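In: can't give you the sequence, but here's the structure:
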């Protein structure tokens, strides 16, 4: 896992690698972009990347926070020091607080924004003589 900090946003990613045999590699990758603005959502991208012989398949989904603010103002100064687990808990805490205040009407802190799937095939060209 790693983290990065930029103006108005923080990011984390985690990955898991699975090698079943010499011809198949699967990577599970999650990317988090945390918004520290009071009017911007945070994003969570989940990907499955599979390379198998002549085929590459990338699929996943994008989640977005449902509350107007992803974090309480108290959490923003220490966001860069927080663990990924703590950041996810802070998003849920901020969502619950905004739900009580009536500034959000969603029932969960995250909603699906979209899904994606990309497939690439390598074709072998035979040469004829």
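Out: Received it, and whenever you're ready, just let me know what you need. Since the structure is predicted, the reported quantities are computational estimates derived from the model, not experimental observations.

In: if I look at the closest residue in space to residue 87 that isn't next to it in sequence, how far off is residue 115?
Out: In this structure, residue 87 finds its nearest non-sequential neighbour in residue 34, 6.1 Å apart by CB to CB, 6 or more residues apart in numbering. Heads up, the C-betas are built off the backbone N, CA and C, glycines and all. In this view, residue 34 and residue 115 are 22 Å apart by CB to CB, to the nearest Å.

In: rewinding a little: for beta bridges, what are the partners of the residue nearest to residue 87?
Out: residue 10 (DSSP bridges).

In: now do the contacts for it.
Out: Residue 34 makes contacts with 9-12, 42, 70-71, 79, 87, as judged by CB atoms under 8 Å, 6 or more residues apart in numbering.

In: low-confidence ranges in the protein?
Out: 1-9, 103-106, 125-129 (pLDDT under 70).

In: out of the contacts of residue 34, which is nearest to residue 23?
Out: residue 12 (31.3 Å; CB to CB).

In: phi and psi next, for the closest one.
Out: phi -140, psi 150 (degrees, to the nearest 10).

In: so what's the residue nearest to it when sequence neighbours are not counted up against?
Out: Among residues not flanking residue 12 along the chain, residue 32 sits closest, at 4.4 Å (CB to CB, 6+ apart). Counting by CB under 8 Å, 6+ apart, residue 32 makes contact with 11-13, 42-45, 84, 87.
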